[in-house]
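Peer 1: Sequence and computational prediction follow.
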Amino acid sequence: MDTLPLEILQNIFELACTDGGLTGCSLSLTSRAIREAARMARFHSVSLVAYPVRLSSFVELYARECDPALGDIPRVAHLHLIIPPSLGPRRYVCGGVIDTLPPHLDPQAKPPASPTTTHATVLAGERTPSPRSPHSHSAKHKFPTPRSPALAEGNPAPDSPATPHARTHQPTPPNHAQAQSEPPTPNSVGPTVVITQPTNDKEPQQIVYSPEYRDAARTLARLVAPHVETLVIQRGFRCQVRLLTPELAFLDRPFPRVRELTILGLADAGELVVPHARVAPLFPAATRLHLVRKGLAGHGSMGFWREHAPRATHLRVSCLRAPFGKFVPSLAESVGVAHMPDLSPPAKPAYPTLRAVVLHQDPPTVAEQEKIAVVEAYSMLWHSLEHLKAACATQNVEAVIADPFYIHFEEWGDRLRNEWLERIVGGSGCWKELEGQQGKECGGVPS
């Protein structure tokens with residue numbers, strides 16, 4: 001180590017710092033000499049669960065390292081950002097289920113008489129684990145649930161006392177509550193979910209998108225925007241009703257070098273853009289988009305991406321569900337085909353740069369399969385996707401329909417992080433189907 005030139009050491013460290021930040025943190029703690037040698041590579045890849053204290057700590061650290069007086073600026077080339085859920089929504093949507101939270105999970109409910117809370121000090125940049133159920137496709141599922149009233153980072157919720165160590169300690173999020181499917185009720189749109197209260201569980205807390213939080217998020221975007229190349233944005237740890245989600249706008253500038261983008265928990269990135277900010281196009285160099293539509297059903301369209309990722313050539317859309325609403329017609333319009341055989345195609349593709357599309361469908365739940373109308377809706381969706389695949393050939397667009405599989409929102413979070421890490425080192429990631437490779441089977445029909 002003492003005889004290698006600094007440039008060689010920096011290249012070695014950059015090749016090692018592809019795990020989301022752990023290796024970079026470890027190198028910085030080894031010795032002063034190694035810390036200095038690894039400074040440029042330390043932030044090469046960052047996976048950040050942006051709870052308020054953790055976000056502000058990381059932003060302060062990275063801003064300090066970007067001081068021009070210290071020399072060259074270390075670059076964040078690969079960013080995996082999870083935005084925690086916010087206080088406010090009282091309902092959630094996931095896998096076709098719309099339900100009201102029971103009192104013990106309601107973020108606006110009053111706290112129990114003797115709540116059990118556990119706090120742990122967390123280093124900025126450390127990823128929060130999301131334990132995965134070993135039987136995610138059986139009758140029981142794991143669902144993340146917020147600790148009822150408390151705000152993350154020690155900001156007390158209304159009607160709840162502040163905890164003594166709240167200002168300096170960070171909650172250790174998710175272990176997930178159990179849920180199991182019950183027979184559907186006449187007015188339900190899917191299986192009725194009965195959530196049992198876990199014992200001694202450490203659950204993800206909800207936060208408030210305060211002005212200070214938005215400022216920290218905006219500073220993070222300002223610091224990383226010029227250099228980041230692969231970007232994953234996940235909002236929340238589970239599906240939420242879109243219209244009830246509080247506003248969080250912190251993107252006020254384009255990301256000129258992002259070439260691959262993945263979105264989970266958002267219809268698009270538009271709700272993250274500061275109003276009236278001149279950001280179009282937001283991702284001018286992005287060529288690969290992965291849109292995970294878990295819990296979104298037919299909400300949204302491709303209009304945002306046509307404007308803000310005008311050079312995209314590869315598109316993967318995961319978790320398509322029936323009814324497909326406006327999204328599937330918008331997707332078909334993008335490649336210049338009709339979404340059903342008996343309809344006329346558009347005059348020209350609305351998204352002419354697309355050359356490859358991968359489509360994944362969430363299969364209907366067991367309870368949904370017992371409803372004739374739902375089965376017919378899924379049949380229509382499947383025929384629409386089959387038609388879209390065949391019609392894409394007329395537009396010189398390669399279309400692949402991935403095998404249907406069902407996993408929960410938090411498991412999608414784990415999957416996307418693993419695929420992001422794989423893509424950093426040149427792997428296939430979520431594009432295996434286009435390369436003729438079949439990914440690991442994820443399971444069958446959900447219960």
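Peer 2: Received it, and whenever you're ready, just let me know what you need.
Peer 1: just the strands in the stretch 1-150 of the chain please.
Peer 2: For the stretch 1-150 of the chain, applying DSSP state E, counting those that start in this stretch gives strands covering 45-49, 78-83, 91-94, 97-100, 119-120, 140-143.
Peer 1: which residues does residue 354 contact?
Peer 2: By Cβ atoms under 8 Å, 6 or more residues apart in numbering, the contact set of residue 354 is 312-315, 334-335, 397. Placement of C-beta: from N, CA and C, glycine included.
Peer 1: Serialize those residues to CSV and add fields for neighbour count, distance to residue 81 and pLDDT.
Peer 2: CSV is the format used below for the contacts of residue 354 (neighbours: other Cβ atoms under 10 Å; distance: Cβ to Cβ, whole Å; pLDDT from 0 to 100):
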residue, neighbour count, distance to residue 81, pLDDT
312, 25, 20, 97
313, 14, 24, 97
314, 20, 21, 97
315, 26, 21, 97
334, 24, 26, 95
335, 25, 29, 94
397, 23, 30, 94
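Peer 1: Could you list which of those residues belong to helices?
Peer 2: 334-335 (DSSP state H).
Peer 1: Low-confidence ranges, the stretch 101-250 of the chain, go.
Peer 2: 101-204, 240-246 (pLDDT under 70).
Peer 1: Identify the residues contacting residue 351.
Peer 2: The contact partners of residue 351, taken as Cβ under 8 Å, 6+ apart, are 302, 305-306, 312, 334-335.
Peer 1: ok, now with 6 Å
Peer 2: Counting by Cβ atoms under 6 Å, 6 or more residues apart in numbering, residue 351 makes contact with 306, 334.
Peer 1: Could you list the low-confidence segments of the stretch 251-400 of the chain?
Peer 2: For the stretch 251-400 of the chain (pLDDT under 70), the answer is 298.
Peer 1: Which stretches in it count as helices?
Peer 2: Assigned by DSSP state H, counting those that start in this stretch, the helices in the stretch 251-400 of the chain fall at 303-308, 327-335, 372-392.
Peer 1: got it, and the stretch 1-150 of the chain?
Peer 2: 6-16, 22-28, 32-37, 52-65.
Peer 1: Is it possible to get JSON lines of these that adds distance to residue 352, mean pLDDT and mean neighbour count?
Peer 2: Listed next are the helices of the stretch 1-150 of the chain as JSON lines, based on distance: least, Cβ to Cβ, whole Å; pLDDT from 0 to 100; neighbours: other Cβ atoms under 10 Å:
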{"stretch": "helix 6-16", "distance to residue 352": "36", "mean pLDDT": "87", "mean neighbour count": "14"}
{"stretch": "helix 22-28", "distance to residue 352": "40", "mean pLDDT": "91", "mean neighbour count": "18"}
{"stretch": "helix 32-37", "distance to residue 352": "47", "mean pLDDT": "88", "mean neighbour count": "14"}
{"stretch": "helix 52-65", "distance to residue 352": "38", "mean pLDDT": "95", "mean neighbour count": "19"}
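Peer 1: Which one of those lies nearest to residue 238?
Peer 2: The closest of the helices of the stretch 1-150 of the chain to residue 238 is helix 52-65. By Cβ to Cβ, the value is 19.6 Å.
Peer 1: ok, back up a step: so which of the contacts of residue 354 belong to strands?
Peer 2: 314-315 (DSSP state E).
Peer 1: Pick out whichever of the contacts of residue 354 sits closest to residue 409.
Peer 2: residue 315 (21.2 Å).
Peer 1: Could you work out the end-to-end span of stretch 400-420 for me?
Peer 2: Terminal residues of stretch 400-420 are spaced 21 Å apart (Cα to Cα, to the nearest Å).
Peer 1: Identify each buried residue in that stretch, please.
Peer 2: Using 16 or more other Cβ atoms under 10 Å as the test for burial, stretch 400-420 gives 400-402, 404-413, 415-417, 419-420.
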